[in-house]
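*Asks:* coords please:
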Amino acid sequence: MQPDHSSEYLHGVAPQEQDRLSLLNDLLNAGSLRELDLRGGERILDLGCGLGQLARAMARAAGVRVVGVERSTEQIASAGRQAAEAGESALVEFRLGDALQPPLRDDEWGAFDVAHTRFLLEHLRDPLPVVRAMVRAVRPGGRIVLEDDDHDVMRLDPEPPGFARLWQAYQASYVHLGNDPAVGRRLVALLADAGAIPVRNSCVFFGSCSGAPTFPHYVANLIGVIEGARPVILQAGLLGAADFDRAVAALHDWSRARTAALWYSVAWAEGRRPA
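*Replies:* Model prediction:
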């Protein structure tokens, strides 16, 4: 029997989730681009490109059309619409397909300078085959860049009542689906196991405090991911409905406090394909 590498995406593709993802891109893309440090002219493959906002930003930075692969028909349709509305349809070639078997032509394998993925590996039962495909997709010496979550690093201060149990239940919803909420801490190991040479380990800070203009957006994203997981959390018995709703209400109250602060970081690892 072949191993099951398929994923079950926790958050779904409803319109409100698309809005949350767009907001998340607005908050995070500058940090991702800073870490990528593109110099121009790189051929880039973006696996699990979602709405394509980061792929378009990478294309602007590199000055070269990016290939973006996404398996969700809803997300790739939204990505195309957003690119068209921005007048940037020429920046990314969106391809419908699975990251486990990227839809690349024979002459494209081993031709990319950078293969990138963000927030994909956490939703896979076994992410290693995807990282192996990324190593195969780049030229010798090419870069493989992994960005993903270790949800255990989330901290709120002062901590709202019930948040610890709520966040534990959120992480457990990943495990319930067979996925990994802490894959971020394993990115370097995944690169090594996939045959790449790990060369850099870092993170992209993702946080804010009550006095910052962007703070309401960070709060909206946090509550959005939690609310999106509510059906799985309740169905799996990871937390009761009353406790869930009280904790979310406490989050709203916390967000209005003058002392509210949120710390999080997205794990980053980079490897090179051996020459």
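*Asks:* strands of the chain, residue ranges please.
*Replies:* 44-47, 66-70, 92-96, 112-118, 138-148, 155-157, 197-205, 208-209, 261-263, 265-272 (DSSP state E).
*Asks:* would a markdown table of these with distance to Leu177 be doable?
*Replies:* For the C-beta atoms, the positions are set from N, CA and C on the backbone; glycine is no exception. Converted to a markdown table, the strands of the chain look like this (distance: least, CB to CB, whole Å):
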| stretch | distance to Leu177 |
| --- | --- |
| strand 44-47 | 20 |
| strand 66-70 | 19 |
| strand 92-96 | 23 |
| strand 112-118 | 19 |
| strand 138-148 | 16 |
| strand 155-157 | 24 |
| strand 197-205 | 25 |
| strand 208-209 | 29 |
| strand 261-263 | 25 |
| strand 265-272 | 20 |
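*Asks:* distance to Ala57, mean neighbour count and mean pLDDT added to these, as JSON lines?
*Replies:* Converted to JSON lines, these look like this (distance: least, CB to CB, whole Å; neighbours: other CB atoms under 10 Å; pLDDT from 0 to 100):
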{"stretch": "strand 44-47", "distance to Ala57": "10", "mean neighbour count": "26", "mean pLDDT": "98"}
{"stretch": "strand 66-70", "distance to Ala57": "9", "mean neighbour count": "26", "mean pLDDT": "98"}
{"stretch": "strand 92-96", "distance to Ala57": "10", "mean neighbour count": "18", "mean pLDDT": "97"}
{"stretch": "strand 112-118", "distance to Ala57": "11", "mean neighbour count": "24", "mean pLDDT": "98"}
{"stretch": "strand 138-148", "distance to Ala57": "13", "mean neighbour count": "22", "mean pLDDT": "98"}
{"stretch": "strand 155-157", "distance to Ala57": "28", "mean neighbour count": "15", "mean pLDDT": "98"}
{"stretch": "strand 197-205", "distance to Ala57": "14", "mean neighbour count": "15", "mean pLDDT": "97"}
{"stretch": "strand 208-209", "distance to Ala57": "21", "mean neighbour count": "18", "mean pLDDT": "96"}
{"stretch": "strand 261-263", "distance to Ala57": "24", "mean neighbour count": "17", "mean pLDDT": "97"}
{"stretch": "strand 265-272", "distance to Ala57": "15", "mean neighbour count": "22", "mean pLDDT": "98"}
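*Asks:* nearest to Gly240, of these?
*Replies:* Between Gly240 and those, the tightest spacing by CB to CB is seen for strand 155-157, at 21.2 Å.
*Asks:* quickly run through the sheet partners of the closest one, with directions.
*Replies:* Next to strand 155-157 in the sheet, as set by DSSP bridges, lie strand 261-263 (antiparallel).
*Asks:* what's in contact with the partner strand?
*Replies:* 153-157, 207-210, 215, 218-219, 222 (CB atoms under 8 Å, 6 or more residues apart in numbering).
*Asks:* mind checking which of the strands of the chain is nearest Arg230?
*Replies:* strand 155-157 (18.7 Å).
*Asks:* off-centre distance for the closest one?
*Replies:* Strand 155-157 has its C-alpha centroid displaced from the chain centroid by 21 Å (CA atoms, centre = their mean, to the nearest Å).
*Asks:* neighbouring contacts of it?
*Replies:* For strand 155-157, using CB under 8 Å, 6+ apart, the contacting residues are 163, 254, 259-264.
*Asks:* which of those lies closest to Gln235?
*Replies:* Minimum distance to Gln235 across those is 21.2 Å, recorded for Phe163 (CB to CB).
*Asks:* need the per-residue pLDDT for that closest one.
*Replies:* For Phe163, the pLDDT comes out at 98.
*Asks:* show me what contacts it?
*Replies:* 156, 247, 250-251, 254.
*Asks:* for the stretch 151-275 of the chain, which segments count as helices?
*Replies:* 163-176, 187-193, 215-228, 230-235, 241-255 (DSSP state H, counting those that start in this stretch).
*Asks:* mind checking which of those helices is nearest Ala61?
*Replies:* Of these, nearest to Ala61 by CB to CB is helix 187-193, at 22.0 Å.
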